[in-house]
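# need the 3D shape of this:
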Amino acid sequence: MAANETTQDIKSKGILWGFGVFISIVLVVLIVLGAWWGSEPGQFNIMDEAEKRAKETHETDNLPLGYVYTNTLAHIAEVLLHKPGGYITNDVGPPGVFLDNVPSWEFGALVMLRDATSALRNHFARDQSQSAEDPDLAVAEPYFYFENDSWALPSTEAEYEKGVEALHKYMTRLQHYGGEVKKAQFYSRADNLWQYTEVVIKRLGGLSTRLTANNSGTNFGPGLTKLETDNIEKEVPIARVPWMEIDNVFYEARGASWALLHILRAIKYDFKDILLDKRAMRTVDIMIKSLENSLEPILSPMILDGGGYGLFANYSLTMANYIARANAAALDLRDIMNRG
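Residues are numbered from 1 along each chain as shown. Sure thing, here's the model as predicted:
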């Protein structure tokens, strides 16, 4: 009897030990996958990607105006969908469901992608305000505005893939057309760029304000009268970003900076003539350099939130500084493009 009990005890311990080993292996795999999936995508070369796409469509020597810009938008979407771990915002299982910073990064990049696609549909591809919109762009833009966290019926990935396909069709028509298919157009005019820059200014300004809202010295927002600020100080001061959300705002700004950086590089190529004519190339370079600085590697395992002159860095304020500099250059670009 005692021998039987001993055997049962050994079996029980063996089962528990095996279960513990299994759980440990699963945890290690999830941690490794989480670290891999949680890493930010690197920058890509917009010209290399455009030429690669042109080779796939057998038009290696033909990169018409607007091709690089449109391909950059399509590739930004492809990176969102096909980076390590794929698109994570709508994940419902581990480890993606625990990676809260990645969805913030994806959302920041997605907002910039939406704005740039809207600019392409409403401005860059139109000759005049009363011109008919491009049919492929009319299909592409709404797909990128599909809810960003749908995991089924239809999934976010499936809808965004349709947007990418529509952009590729527009790119093909930029290169050539045949039969009754109308050739696509792209107008790199100063007024078109000015209208897009207006949107960029608001996006960067909003991000900068939110990044600095974690600082105790941020009491009220810009553009308020003395009476309004008096009321705010007494009743409704601007709320600081909660400590648990500081990293989310930071990574949203990182994602937005990553996407806008590539879009500006494409604008620098496709709007080269007007930028040189207006002597605005240096202004775009300042925006690009500021965004490059904002994407420097993060050395801390967590987002530091130190005081302005304390012992520890404040990552949000550093990011806000770079974005504010890019925003100031965008204001200059808007003014330059708006001149006669």
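
# could you list the domains of this protein?
1-37, 43-92+102-184, 188-340 (automatic domain parsing).

# turn those into a markdown table, columns for mean pLDDT.
Converted to a markdown table, these look like this (pLDDT from 0 to 100):
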| stretch | mean pLDDT |
| --- | --- |
| domain 1-37 | 73 |
| domain 43-92+102-184 | 90 |
| domain 188-340 | 85 |
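
# turn the ones you listed into CSV, columns for mean neighbour count.
Glycine gets a C-beta too; all of them are placed from N, C-alpha and C. Converted to CSV, the domains of the chain look like this (neighbours: other C-beta atoms under 10 Å):
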stretch, mean neighbour count
domain 1-37, 10
domain 43-92+102-184, 18
domain 188-340, 17
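
# any idea which element S12 lies in?
Using DSSP states H and E, S12 maps to helix 2-37.

# which residues touch E147?
Residues near E147 by C-beta atoms under 8 Å, 6 or more residues apart in numbering: T156.

# and the gap between it and Y87?
To Y87, E147 is 12 Å away according to C-beta to C-beta, to the nearest Å.

# skipping adjacent residues, who's closest to L65 in space?
Spatial nearest neighbour of L65, excluding adjacent residues (C-beta to C-beta, 6 or more residues apart in numbering): F186 at 5.0 Å.

# actually I323, sorry about that
Using C-beta to C-beta, 6+ apart and skipping the chain neighbours, the partner closest in space to I323 is S208 (4.8 Å).

# which pLDDT value goes with the residue nearest to L65?
Confidence at F186, expressed as pLDDT, is 94.

# does it touch Q175 like I think?
No - the pair F186 / Q175 is not scored as a contact, 11.4 Å apart, by C-beta atoms under 8 Å.

# and the residue nearest the centre of this protein?
The structure's the chain has its C-alpha centroid closest to A109; by C-alpha atoms, centre = their mean the separation is 1.0 Å.

# in three-state terms, label that residue for me.
With DSSP: H, G, I helix; E, B strand; the rest coil as the basis, A109 sits in helix.

# so who does it touch?
76, 80, 255-256, 258-259.

# save these as TSV, and put in distance to I46 and secondary structure too.
Output for these, formatted as TSV (distance: C-beta to C-beta, whole Å; DSSP: H, G, I helix; E, B strand; the rest coil):
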residue	distance to I46	secondary structure
I76	10	helix
L80	16	helix
G255	17	helix
A256	17	helix
W258	13	helix
A259	12	helix
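
# and the closest residue to N214 other than its chain neighbours, helix, strand or coil?
Spatial nearest neighbour of N214, excluding adjacent residues (C-beta to C-beta, 6+ apart): V241 at 4.4 Å. Put simply, V241 is coil when judged by three-state DSSP.

# ok, V241 - contacts?
210, 213-214, 249, 316 are the contacts of V241 under C-beta under 8 Å, 6+ apart.

# rerun that using 10 Å as the cut-off
Going by C-beta atoms under 10 Å, 6 or more residues apart in numbering, V241 touches 210-215, 218, 247-250, 305, 316.

# that one and A253: what is the separation?
Computed as C-beta to C-beta, the V241 to A253 distance reads 12 Å.

# with N122 instead?
Distance of N122 to A253, computed by C-beta to C-beta: 25 Å.

# ok, now I31?
26 Å.

# V92 now?
According to C-beta to C-beta, V92 and A253 sit 26 Å apart.

# try L295
10 Å.

# which neighbours do these two have in common?
Common neighbours of L295 and A253 are listed as 319, 322 (criterion: C-beta under 10 Å, 6+ apart).

# all helices of the stretch 101-250 of the chain, in order?
Using DSSP state H, counting those that start in this stretch, the helices of the stretch 101-250 of the chain run over 101-119, 135-144, 156-175, 190-212, 226-234, 246-270.

# packing partners of the longest one?
The one in question is helix 246-270. If contacts are counted by 3 or more C-beta pairs under 10 Å, 6 or more residues apart in numbering; DSSP states H and E, helix 246-270 sits against helix 46-56, helix 67-82, helix 101-119, helix 190-212, helix 272-277, helix 281-294, helix 315-337.

# change it to 6 Å
Using 3 or more C-beta pairs under 6 Å, 6 or more residues apart in numbering; DSSP states H and E, the elements in contact with helix 246-270 are helix 46-56, helix 67-82, helix 101-119, helix 190-212, helix 281-294, helix 315-337.

# quick check: phi and psi on the residue nearest to L65?
Main-chain dihedrals, F186, degrees, to the nearest 10: phi -150, psi 120.

# wait, it touches G66, no?
Yes - using C-beta atoms under 6 Å, F186 makes contact with G66 at a distance of 2.7 Å.
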